[in-house]
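Undergrad: Got a predicted structure plus its sequence, pasted below:
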Amino acid sequence: MEQNILQQHFQDRFGCADGILFAAPGRINLIGEHTDYNGGFVFPGAVAQGIMAMVKPNGRRWVRAYAADLQSYCEFDIDDEEGPKTVHFRYIYGVVREMMARGVKVEGFDAVYAGDVPLGAGMSSSAALESCFATAINDLFGGSLGRMELALVGQATEHKYVGVNCGIMDQFISMHGKAGSLVRLDCRSGEYEYFPWHPKEYRLVLVNSCVKHELVGSPYNDRRNSCERVAKLLGLETLRDATWEMLDKVKDQISAEDYMRAKYVLGEVDRVMAVCDALQRDDYETVGQQMYLTHEGLSKDYEVSCEEIDFLVDEARRLGVTGARIMGGGFGGCTINLVRNDRYETFTTEVQQTYKAKFGVDCKVIPVVIGEGARRL
Ligand code: GLA
């Protein structure tokens, strides 16, 4: 969305266009899926797509917000205990309330926002929205919260106001992304390291199945509950600290489903480390193999894939793609593909044709550009 379109909407709604612009990105994740709430490692990067908002304090105790893409408007009192019913606006309400709870002297504001992260594509449009407003509120109302605290504001919003018990990956990377770099985050300690991403012979590309994934009220929370049950039985805080021997010992005491889910998580923790090692050697073939293994785990053991996505991954394999897997929470959305430059044209062209022939729907190819984290423009 162009800045001037936001300005135009702001002018039309609020009679001026001198608000401040803020932006925050969606994300990709190379590997480390469903590991964040298990205290494991993730390997995300911010993308060029995100949410942009024009925001201006209005001197009242209410918020007036217009979502330009959705053509949807909402007003709420920031002191109201309940907040708006529409899920979409509960993200903004949640951020406001969480910032207030952390001592920021939030006042009312007017906002117009829009974005180019496809909704329900597993690219974290909701984290982009939360990070954008957390950054704006912190900046405009003299808040002094650091980037990690702002990420926690977004996560608390998901937990308390939307009902998704997500981990920290999406909000973390939306706040900490750096153009050209992926980040390895240890979700237990909060320590992170930037890894410049510049393979000469490979590219990352997303394929959006256009099956809308929806984590609100979804089996996402069930997966997390399974992991927590197993960790508790093992006397551990999270599955990050579980070993294969420990898991085998309790196999008979847990459901087959919980076992499969825990098995996936243990495998994924190992795969992230294997990928980090491989990246030190510029060994992208190994990175790709690990991505395929992750997909197998997510599809068969964690059961968060779907027919369309499995098809896209099978097609990637058939067309000589180095690595491919479902990305994000699951249940639809995008695959992430590591593709050699010399396979790129064939893959992206053919996969669109075969997907259309099989499902009668267009999938969308989205080249990955690693972009900046949340900021005032
Ligand atoms: C969603 C959640 C994240 C993470 C991923 C799966 O995107 O918001 O916290 O759990 O799913 O890796």
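TA: Received, thanks.

Undergrad: Packing partners of the top helix by length along the chain?
TA: If you go by DSSP state H, the chain has its longest helix at helix 256-280. Judged by 3 or more Cβ pairs under 8 Å, 6 or more residues apart in numbering; DSSP states H and E, helix 256-280 is in contact with strand 41-42, helix 220-233, helix 244-250, helix 284-296. For every residue, glycine as well, the C-beta is placed using N, CA and C.

Undergrad: For that helix, what is the distance to the chain centroid?
TA: Here the centre of helix 256-280 is set off from its chain's centre by 19 Å, with Cα atoms, centre = their mean, to the nearest Å.

Undergrad: Can you report phi and psi for residue 45?
TA: With angles defined as degrees, to the nearest 10, residue 45 shows backbone torsions of phi -150, psi 150.

Undergrad: what angle do the longest helix of the chain and helix 220-233 make?
TA: 90 degrees (axes from the mean of the first three to the mean of the last three Cα atoms, to 10 degrees).

Undergrad: I'd say residue 55 and residue 18 touch.
TA: No. Applying Cβ atoms under 8 Å, one finds residue 55 not in contact with residue 18, separated by 11.0 Å.

Undergrad: Endpoint to endpoint, stretch 111-128 covers what distance?
TA: Start-to-end span of stretch 111-128 (Cα to Cα, to the nearest Å) is 15 Å.

Undergrad: quick revisit: for the helices and strands packed on helix 256-280, state which one has the densest average packing.
TA: Across those, the average number of neighbours (mean count of other Cβ atoms under 10 Å) peaks for strand 41-42, which reaches a mean of 26.

Undergrad: Rounded mean pLDDT for it, please.
TA: Averaged across strand 41-42, pLDDT comes to 96.

Undergrad: coming back round to it: between the helices and strands packed on helix 256-280, which one is nearest to residue 149?
TA: Ranking the helices and strands packed on helix 256-280 by proximity to residue 149 (Cβ to Cβ) places strand 41-42 first, at 18.8 Å.

Undergrad: Neighbouring strands of that closest one in the sheet, and parallel or not?
TA: strand 181-186 (antiparallel) (DSSP bridges).

Undergrad: quick one: contacts of the strand it pairs with?
TA: 30, 36, 41-45, 168-169, 172-173, 176-177, 191-197, 272, 276, 370 (Cβ atoms under 8 Å, 6 or more residues apart in numbering).

Undergrad: Can you mark which positions in it are buried?
TA: 181-185 (16 or more other Cβ atoms under 10 Å).

Undergrad: Among these, find me the one that's closest to the ligand.
TA: The shortest gap between the ligand and any of these belongs to residue 185, at 10.9 Å (Cβ to the nearest ligand atom).

Undergrad: Which residue, other than its chain neighbours, is closest to the closest one?
TA: Distances taken as Cβ to Cβ, 6 or more residues apart in numbering place residue 192 nearest to residue 185, at 4.3 Å, with adjacent residues excluded.

Undergrad: Pull up the gap between that neighbour and the ligand, please.
TA: As for residue 192, its distance to the ligand is 15 Å (criterion: Cβ to the nearest ligand atom, to the nearest Å).

Undergrad: host element of residue 324?
TA: strand 323-326 (DSSP states H and E).

Undergrad: Name the SS class of the closest residue to residue 320 other than its chain neighbours, please.
TA: Excluding its sequence neighbours, the residue lying closest to residue 320 (Cβ to Cβ, 6+ apart) is residue 343, at 4.9 Å. Secondary structure for residue 343, judged by DSSP: H, G, I helix; E, B strand; the rest coil, is helix.

Undergrad: can you give me the helices for the stretch 1-150 of the chain?
TA: 3-14, 87-101, 125-140, 147-157 (DSSP state H, counting those that start in this stretch).

Undergrad: For residue 293, find the nearest of these.
TA: helix 125-140 (26.1 Å).

Undergrad: Hmm, residue 21 and residue 3 touching each other?
TA: Yes. When contacts are counted by Cβ under 8 Å, residue 3 is listed as touching residue 21 (6.2 Å).

Undergrad: OK, now which residue of the stretch 251-377 of the chain is nearest to the ligand?
TA: Closest point on the stretch 251-377 of the chain to the ligand, by Cβ to the nearest ligand atom, is residue 329, at 3.3 Å.
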